[in-house]
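Asker: compute the structure for the input listed below.
(chains A and B)
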Number of protein chains: 2
Amino acid sequence: MLSENVFVIGAGETKYGELWEKSLRDLAVEAGLKAIENAGIYSRDVQILYGSNSLAGIINGQENIGSLIADFSGIASGNIPAVRIEASSASGGAAVREAYLAIKSGEYDVAVVGGVEKMTDIFGNEVLDMMSSLLDREWEAFFGATPAALAAISARKYMKDFNVKKEALAMMSVNDHANASLNPNSHFKNKITLDQALNATSVAEPLNLMDCSPVTDGASAIVLASESYLKKNKLNGMRILASAISQDYLALHSRDSIYTLDSTRIAADEAFKRSGLKREDMSFVELHDSYSIYGLMELEDLGFAKKGEADKLVEEDIKLGGRLPVNPSGGLKAKGNPLGATGVGQFVEAFLQLKGKADKRQVKDARYGLLQNMAGTGSTSVVHIVGGD
Amino acid sequence: MLSENVFVIGAGETKYGELWEKSLRDLAVEAGLKAIENAGIYSRDVQILYGSNSLAGIINGQENIGSLIADFSGIASGNIPAVRIEASSASGGAAVREAYLAIKSGEYDVAVVGGVEKMTDIFGNEVLDMMSSLLDREWEAFFGATPAALAAISARKYMKDFNVKKEALAMMSVNDHANASLNPNSHFKNKITLDQALNATSVAEPLNLMDCSPVTDGASAIVLASESYLKKNKLNGMRILASAISQDYLALHSRDSIYTLDSTRIAADEAFKRSGLKREDMSFVELHDSYSIYGLMELEDLGFAKKGEADKLVEEDIKLGGRLPVNPSGGLKAKGNPLGATGVGQFVEAFLQLKGKADKRQVKDARYGLLQNMAGTGSTSVVHIVGGD
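Answerer: I've put the predicted structure just below:
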């Protein structure tokens, strides 16, 4: 069976941060229109919209998010269909995958994926409960478990079993902040030292404030198109070389190992197999470090280090000029983590990197990138491999 | 470009109703496993799961619904990916369309779509606010508009402009209840008379209790497969002859006409064009009559009557033995309206009808069916045309 190759031809995003003066719809529209403008097409050329959002039902009392985005970005006037994809914090990657499948099916040539989250519309402690809607409500959240607490449990056992020092976790955050300081759209612009990362206020031992991604507002959007559309319109773009998704149990206690992300491992293996590329071909990785411990686990489950040995990479290799630059965007810790936008934001970064337009944080000779987006504690993982055209 | 034909090979659902003793996950799992059993395959044969749900974030404090369903139906153990599709009350139809595209893309041969809604986990007046999350929160719901109130506004203008009597609306509900009385899974089993339908307690003038679909718990699931999978495994099924989706403005006040459903009209035209079939070829129609007025508007916008003239069909034609049987399942008014499940339930009914297994409500010589599923007041519509194999 013949199938279309799929490309990203445009990308746009809002600033990430605490954007008190902007609403859910403001953010979605800003990112969407920037992406369409960046692609050099018109709104009327878009054939389908995939909205990615995790929590607007709870936070903003607004479901029917696809319709909302379509309406306020002006494409509903062209009766362009819109649906929302939800896979908690992996919504963005999952939405890109749906758009990818939609184009491969032959029914669409141009799709927009817009991810948005307006997280500061909720107060204080309610954030905790809201975030816990991503966990198993009846078997985890109901008993008081939060995403941070579960990450801490994994961290503690990981550190004990492999004799990994807290410094290794902290280095993930130091690296994120260093890169974010070069990204004009990032939530945080400040670099942090290893000392600062180690001595921040405790959140859930052994994790402190510098191990946890912040509560971020923001939106990111990309335009995808079929190869035949690119040829017809003499466009070029970033090719999606492989798209893979996999699944694990929802609750952490059901997993075989609490520091192995099976969904990430399987999706990564599948993505590499489909792309025909090797780990060492990757010019950079954007990974889902909602908590610093996940950064280490992911480097291992993506196949860049053996289990328990990712700490060997964090000193030098993951830096911008290192052997395997990780999160050139600033990652979830410092670029920020607006859940539904996070996975789409990884594509925005990859698009800039592969077009050589990442300015001060440009990875030299960037050719291939791996993007990993994950739901909650790892129930769903989406892995994409992208390359220049 | 070659593309796979897509079939439904199995269907299952829970009873619809006020199911106080069952949870969101209970319902999802029951429907999913029934569908898999009905298809005569094993859980491990499933390659992807699309969960359809509208409001569990708000009602049950549970997002990450795809993962939840995958986990508790046992397919997460096989690392089978799961994502949730949300398009408010059109989530079901939209999820079937995503599964259809996924199979057409060539990446999957077997997909399950499971729709579920647990609506009775919320109290009293909160139902109103929760339902209003499907509208434009900032421009409709915030000012006190509810789905029923907006349907009533459309009804009043429709009745005035076309001089349509309240009896025509009531007959939609009489028909739904008559059919539901023959459906063992329906929310309501009682027939109602025209008098009862006309004289029920007012909800939003001119609509009364018998014009409004109820608050229903329930789950429906279907198994979709590629033609090559059917051939290889010597299976047969119901063919999806056309799948179409279209969009309108989110808020009713933005539309060109408050009694014309552009999204339904455009999706229907596209579906008929793709299927190569005519309106008169349809053996039955399952339409989205969340409010009786929408039943009339939909018959028109689907092309079965001219605008303002659907009242001519409701006397005889839409009955089970009539020229165009409408909602043999009992429809949203009487089979029930568990939002995320509703659109998937239409496929369950069509599957039974086309397999000649609809028992007392069997449409004679059923050959082709049209299924229309709609979000809120019509922001998104999904239309499918299905046929025997």
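Asker: domains of chain A?
Answerer: Using automatic domain parsing, the domains assigned to chain A come out as A:6-123+A:216-239, A:144-214+A:241-387.
Asker: mind listing what residue A:325 touches?
Answerer: Neighbour list for residue A:325: A:283, A:284, A:285, A:318, A:319, A:363 [criterion: CB atoms under 8 Å, 6 or more residues apart in numbering or on different chains]. Where you see a C-beta, it was placed from the backbone N, CA and C, and this is true even at glycine.
Asker: please apply the same query to residue A:62.
Answerer: Counting by CB under 8 Å, 6+ apart, residue A:62 touches A:24, A:56, A:68, B:133, B:137, B:138.
Asker: mind checking how far it is from residue B:247?
Answerer: Between residue A:62 and residue B:247 the distance is 17 Å, computed by CB to CB, to the nearest Å.
Asker: can you give me the buried ones in the lowest-mean-pLDDT helix or strand in chain A?
Answerer: One helix or strand of chain A scores below all others by mean pLDDT, DSSP states H and E: helix A:126-131, with a mean of 78. Using 16 or more other CB atoms under 10 Å in any protein chain shown as the test for burial, helix A:126-131 gives A:127, A:130, A:131.
Asker: tabulate those residues (JSON lines), appending distance to residue A:95.
Answerer: Shown next, in JSON lines, are the buried residues of helix A:126-131 (distance: CB to CB, whole Å):
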{"residue": "A:127", "distance to residue A:95": "23"}
{"residue": "A:130", "distance to residue A:95": "20"}
{"residue": "A:131", "distance to residue A:95": "20"}
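Asker: going by distance to residue B:150, which of those residues wins?
Answerer: Taking CB to CB as the measure, residue B:150 lies nearest residue A:130 of these, at 28.3 Å.
Asker: who are the contact partners of the closest one?
Answerer: For residue A:130, the contacting residues are A:55, A:58, A:59, A:122, by CB under 8 Å, 6+ apart.
Asker: ok, and of those residues, which contact chain B?
Answerer: With CB under 8 Å from any CB of the partner chain as the criterion, these include A:55, A:58 near chain B.
Asker: in CSV, list the contacts of residue A:130 along with pLDDT and distance to residue A:219.
Answerer: Listed next are those as CSV, based on pLDDT from 0 to 100; distance: CB to CB, whole Å:
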residue, pLDDT, distance to residue A:219
A:55, 85, 14
A:58, 81, 18
A:59, 80, 14
A:122, 78, 17
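Asker: output the contacts of residue A:130 in TSV, with neighbour count appended to each entry.
Answerer: Listed next are the contacts of residue A:130 as TSV, based on neighbours: other CB atoms under 10 Å in any protein chain shown:
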residue	neighbour count
A:55	26
A:58	21
A:59	20
A:122	18
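Asker: now, the contacts of residue A:130 that are in helices?
Answerer: A:58, A:59 (DSSP state H).
Asker: nearest to chain B, of the contacts of residue A:130?
Answerer: The shortest approach to chain B among those belongs to residue A:58, at 4.9 Å (CB to the nearest CB).
Asker: what sits against the closest one?
Answerer: Listed by CB under 8 Å, 6+ apart, the contact set of residue A:58 reads A:122, A:130, A:133, B:57, B:58, B:61, B:63.
Asker: kindly report the same for residue A:196.
Answerer: Taking CB under 8 Å, 6+ apart, one finds residue A:210 in contact with residue A:196.
Asker: my guess is it is in a helix, correct?
Answerer: Yes. Counting by DSSP: H, G, I helix; E, B strand; the rest coil, residue A:196 falls inside a helix.
Asker: element containing the residue most central in space within chain A?
Answerer: What sits nearest the mean C-alpha location of chain A, by CA atoms, centre = their mean, is residue A:343, with 2.7 Å. Residue A:343 is part of helix A:339-354, with elements assigned from DSSP states H and E.
Asker: going on from that helix, what's the next piece of helix or strand?
Answerer: Counting by DSSP H and E, the next helix or strand C-terminal to helix A:339-354 is strand A:368-374.
Asker: parallel or antiparallel, list what pairs with that next one.
Answerer: Partners of strand A:368-374 in the sheet, by DSSP bridges, are strand A:284-286 (parallel), strand A:380-387 (antiparallel).
Asker: tilt between the longest one and helix A:339-354?
Answerer: Interaxial angle, strand A:380-387 versus helix A:339-354 (axes from the mean of the first three to the mean of the last three CA atoms, to 10 degrees): 20 degrees.
Asker: how far off centre is strand A:380-387?
Answerer: Distance of strand A:380-387 from the chain centroid (CA atoms, centre = their mean, to the nearest Å) equals 10 Å.
Asker: average pLDDT for it?
Answerer: For strand A:380-387, mean pLDDT is 97.
Asker: ranges for the strands of chain A?
Answerer: Assigned by DSSP state E, chain A shows strands spanning A:6-13, A:48-52, A:82-86, A:110-117, A:202-204, A:207-208, A:218-226, A:238-247, A:284-286, A:368-374, A:380-387.
Asker: residue A:297: which of these is closest?
Answerer: Among the strands of chain A, strand A:368-374 comes nearest to residue A:297, with 9.9 Å by CB to CB.
Asker: so the closest one versus strand A:110-117, what angle?
Answerer: 50 degrees.
Asker: please save the CA atoms from strand A:368-374 in PDB.
Answerer: Backbone C-alpha positions of strand A:368-374 (Å, rounded to 0.1, in the frame of the first residue of the first chain) are rendered in PDB as follows:
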ATOM      1  CA  TYR A 368      17.800  14.500  13.000                       C
ATOM      2  CA  GLY A 369      15.800  15.000  16.200                       C
ATOM      3  CA  LEU A 370      13.900  12.700  18.500                       C
ATOM      4  CA  LEU A 371      10.900  14.100  20.300                       C
ATOM      5  CA  GLN A 372       9.400  12.200  23.300                       C
ATOM      6  CA  ASN A 373       6.100  13.200  25.000                       C
ATOM      7  CA  MET A 374       4.600  11.400  27.900                       C
END
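Asker: which residues of the stretch 201-350 of chain A lie near chain B?
Answerer: Counting by CB under 8 Å from any CB, the stretch 201-350 of chain A comes close to chain B at A:245, A:246, A:247, A:248, A:249, A:250, A:251, A:254, A:262, A:263, A:266.
Asker: how near is the closest residue in space to the last one that isn't next to it in sequence to residue A:143?
Answerer: Nearest non-adjacent residue to residue A:266, counting by CB to CB, 6 or more residues apart in numbering or on different chains: residue A:246, 3.9 Å away. Here the criterion is CB to CB. By it, residue A:246 lies 27 Å from residue A:143.
Asker: tell me if I'm right that residue A:74 and residue A:43 touch.
Answerer: Yes. Look at residue A:74 against residue A:43 with CB atoms under 8 Å: they come within range, at 5.7 Å.
Asker: picking up where we left off before, hey, which of the domains of chain A is tucked in deepest?
Answerer: domain A:6-123+A:216-239 (a mean of 25; mean count of other CB atoms under 10 Å in any protein chain shown).
Asker: flag the shaky bits of the stretch 251-389 of chain A, pLDDT-wise.
Answerer: A:389 (pLDDT under 70).
Asker: in it, which residue sits closest to chain B?
Answerer: Across the stretch 251-389 of chain A, the shortest distance to chain B (CB to the nearest CB) belongs to residue A:379, at 3.7 Å.
Asker: now that residue. Nearest residue, chain neighbours left out?
Answerer: Nearest residue to residue A:379 in three dimensions, chain neighbours excluded: residue B:67, at 3.7 Å (CB to CB, 6+ apart).
Asker: same question for residue A:388.
Answerer: Residue A:388's closest residue in space is residue A:354 (CB to CB, 6+ apart), at 4.7 Å.
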